[in-house]
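Visitor: sequence isn't available, so here's the structure alone:
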């Protein structure tokens, strides 16, 4: 071309320089290339429109990730981006090295990048040379920033020392990646090897427990807190002649030893070794120093997290005992789930205590709070309860002594926040008879799942939470666990977790108990899954953390049809039975008895018959309390198949005076009990006993049941 002639077209110039052009729109995920760019990518030399996947398959995976990082920085800074890209063939071999310069822009409307750039073949530089250190990116500063952002994010996400070391081993530094790494720690006056990469197992043996006064670079770094850079074997041998033979066997050419400093304290050293010479320019030292600081912070966080996990596991193991040997005729299952915050320990606990009488006790409780103090108090209270129970005290005496113990521990606290109380449920179990003697201190009542799947919350007498009043009384309630029945006792975390209150949370748990047909261990898992599983938040209202409270749950099953202690339950028995004692000094328990009977008859076909049964029960219990000096024992039983069942309600007392049917006048205030029973019941009677008597009545769901 002569001077003064028109300039050739851009395409002709690029073709003469063997430079291709391409355009990439991340919104459409399409890349348009001209004939020269297609040739450089190993495709037929003709213009084409390719997908991102097609282009990515022709590039080295590391270089593709580098392109993505560099493009974001260049778009933010409004500058050109330059990268070196290795082109791969179909067999994964590098066929050529290319350089691409591009101008990225970001479209905020489509939230996508638009790039236009060039592609040109270049020679591959040798490792360790200035060009080699820029082999991945042509712009050192931009590549360094992209690398440090990725490294910082990866190290920040590591949760254990092993993960931190794995991330450090995978760091690809821009242009001078080491092929040998080692992290040294300090124990007393000696070095330790926390982890290494690029060496064979056992290679670390000579460096383990090396004294800090040894003439070794890592020891010097720990002693002085200053980095050591060795650019050649000659320099290493000159400065550290005594330990050079240990390093010589690995065949490295350059080394960098940097201190790992956290909060002004040198906690160890990091070694980066290279198989080719590295000059350690100011930029390279800056990158290594920054990585060492991030590595030190990551190791410190991981160490603290591992210590916390060890403390958590130790506390949980100490407060969650094994359930002991098998119990003849019974099975026990338990679960404990800590809260999601802090040390993941709290005040919930359970225990199983062998008693001198041959019985055993089940204990479950909740110390106020979810912190270390709550866990500490819980451990001490659990030991005290076990000691009092092992002395042979009755349930009420065990809780009374435990309340006095906790009150004494907290009474002298000057900080009001140190005052704590605890709820507790203590159950003494007699395996042969299934009798349960229960004392309760402000804790949720036990729940019974009957053999036919009916679930009842069994109201029990109780007192104040432990630690509030040192002289508090804890009355005992006696229940009978029938064959095939399961008792559940739990802390309030199982009921209220997930934003529920006592009412809605109980409905959720009750549905699990009624529908479950597997064994006891599977039932325990199902209860926890109902609270912490994905479905636990399918409710209205604000989102709540599923682990805002500890959960402890104990299940006790008396073997029999319907319990599911062995194989899954097939057909449940058609019998349900419940018992309740109403003492002379507890007339308020008549209301409890009415509620218990309604729950027992929750699926009875006739609501009018349920109302009649509740009315007759009130009359029978009231007559015992008014006309005798004894307590009343209620036994209610439902037998038969659905829609053809028989209900029998029996009240027993120790008085020998038999009731008589009377004809009261219109203004009489009593005397109508037996008249109501005769009018409303299908069958009734009064049976003398050896000591006392029983009054009973029956109601039938259908005429067929009456004739049976």
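Guide: Perfect, I can see it now. What you are looking at is a predicted structure, and each value in this text was computed from that prediction instead of being measured. Numbers count the residues shown, from 1 in each chain.
Visitor: state the mean pLDDT of stretch 426-444.
Guide: Rounded to a whole number, the mean pLDDT of stretch 426-444 is 92.
Visitor: just stretch 580-589 next, same as before
Guide: Averaging pLDDT along stretch 580-589 yields 85.
Visitor: with stretch 281-289 instead?
Guide: Per-residue pLDDT over stretch 281-289 has a mean of 82.
Visitor: what's the answer for stretch 204-221, then?
Guide: Predicted confidence along stretch 204-221 averages 86 (mean pLDDT).
Visitor: and what of stretch 464-471?
Guide: 89.
Visitor: how far off centre is it?
Guide: Shown here is stretch 464-471, whose average C-alpha point lies 33 Å from the average C-alpha point of the whole chain (C-alpha atoms, centre = their mean, to the nearest Å).
Visitor: outside of it itself, list whatever touches it.
Guide: Residues external to stretch 464-471 that are found in contact with it (C-beta atoms under 8 Å, 6 or more residues apart in numbering): 365, 381, 399, 402-404, 406-410, 420-424, 441-443, 472. In this view, the C-beta of every residue, glycine as well, is placed from N, C-alpha and C.
Visitor: residues of it that come out buried?
Guide: Counting neighbours by 16 or more other C-beta atoms under 10 Å, one finds that the buried residues in stretch 464-471 are 465-468.
Visitor: state the helix or strand in which residue 677 lies.
Guide: helix 673-680 (DSSP states H and E).
Visitor: count the neighbours of the spatially closest residue to residue 681 that is not a sequence neighbour for me.
Guide: Using C-beta to C-beta, 6 or more residues apart in numbering and skipping the chain neighbours, the partner closest in space to residue 681 is residue 697 (3.7 Å). The criterion is other C-beta atoms under 10 Å. On that basis, residue 697 has 24 neighbouring residues.
Visitor: how about residue 51?
Guide: There are 12 residues near residue 51, going by other C-beta under 10 Å.
Visitor: run through the residues that contact it.
Guide: Shown here is residue 51, whose contacts under the criterion C-beta under 8 Å, 6+ apart are 29-31.
Visitor: quick one: residue 402 from residue 489, how far?
Guide: In this structure, residue 402 lies at 16 Å from residue 489, with C-beta to C-beta, to the nearest Å as the measure.
Visitor: pLDDT score assigned to the residue nearest to residue 681?
Guide: On pLDDT, residue 697 comes in at 93.
Visitor: was I right about it contacting residue 684?
Guide: Yes: contact between residue 697 and residue 684 holds when scored by C-beta atoms under 8 Å: they sit 3.9 Å apart.
Visitor: give the residues shared as contacts by those two.
Guide: residue 677.
Visitor: strands paired with the longest strand anywhere in the chain, and their directions?
Guide: Here the longest strand in the chain is taken by residue count, with DSSP state E as the criterion, and it is strand 94-107. Strand 94-107 has its sheet partners listed here by DSSP bridges as strand 81-88 (antiparallel), strand 112-122 (antiparallel).
Visitor: secondary structure element for the residue nearest to residue 33 when sequence neighbours are not counted?
Guide: Spatial nearest neighbour of residue 33, excluding adjacent residues (C-beta to C-beta, 6+ apart): residue 22 at 4.6 Å. Secondary structure assigned from DSSP H and E places residue 22 in strand 19-25.
Visitor: report the distance from that strand to the chain centre.
Guide: What separates the centre of strand 19-25 from the centre of its chain is 49 Å, taken as C-alpha atoms, centre = their mean.
Visitor: the very next helix or strand once past that strand - contacts with which helices or strands?
Guide: Going down the chain from strand 19-25, the next helix or strand is strand 30-33, by DSSP H and E. Using 3 or more C-beta pairs under 8 Å, 6 or more residues apart in numbering; DSSP states H and E as the contact definition, the elements that strand 30-33 packs against are strand 19-25, strand 48-51, helix 52-56.
Visitor: what lines up beside the longest one in the sheet?
Guide: Right, the one you point to is strand 19-25. Strand partners for strand 19-25, identified by DSSP bridges, are recorded as strand 30-33 (antiparallel), strand 112-122 (antiparallel).
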